[in-house]
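Visitor: show me how the following folds:
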Amino acid sequence: MRSKDPETGKYVVILTNNFVWSPTTISAIYKDRWQIEIFFKTIKQNLKIKKFFGTSRNAVMTQIWIALIAFLLIQQLKMLSTRTWTHFSLMKLIPTILNSRKDIWTILNKPPPKGRITKSVNLQLVLL
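Guide: Below is the predicted model:
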């Protein structure tokens, strides 16, 4: 079966054993399926959901929403901070901040410690 992609204008050949549906219907199903694959790939990469604790639609959606809210809050902290934090470093710092009585903005905007920074030594090998 052949179907024309409306965005690019190119024809796509689809191999299927379903000859009842039209090529445009089958290509739309594949396109929607691909969007679902991309969505779950993005969730796995960015939200760090290791496993779903329930199998119902409500359980999965609740866990995705919680992870998405946590991800967006971390991104907001990164944007508001004057220091350059990585997502990973903020994720490690948050439990420590929550268990202390220190102000979160003081910790996030404090410059890094200067005591351990040493002058860089040229360690590059010279090729002869």
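Visitor: give me the element the residue lying closest to Thr16 once chain neighbours are set aside is part of.
Guide: Leaving out its chain neighbours, the residue that sits closest to Thr16 by Cβ to Cβ, 6 or more residues apart in numbering is Ile26, at 5.7 Å. Just so you know, the C-beta spots here come from the backbone N, C-alpha and C atoms, and that holds for glycine as well. Per DSSP states H and E, Ile26 falls inside helix 23-46.
Visitor: and Arg101, how many neighbours does it have?
Guide: For Arg101, the neighbour count with other Cβ atoms under 10 Å is 5.
Visitor: middle-most residue in the protein, spatially?
Guide: Asn46 (1.9 Å; Cα atoms, centre = their mean).
Visitor: hmm, that one is touching Phe71, no?
Guide: Yes - with contact defined as Cβ atoms under 8 Å, Asn46 and Phe71 form a contacting pair (6.2 Å).
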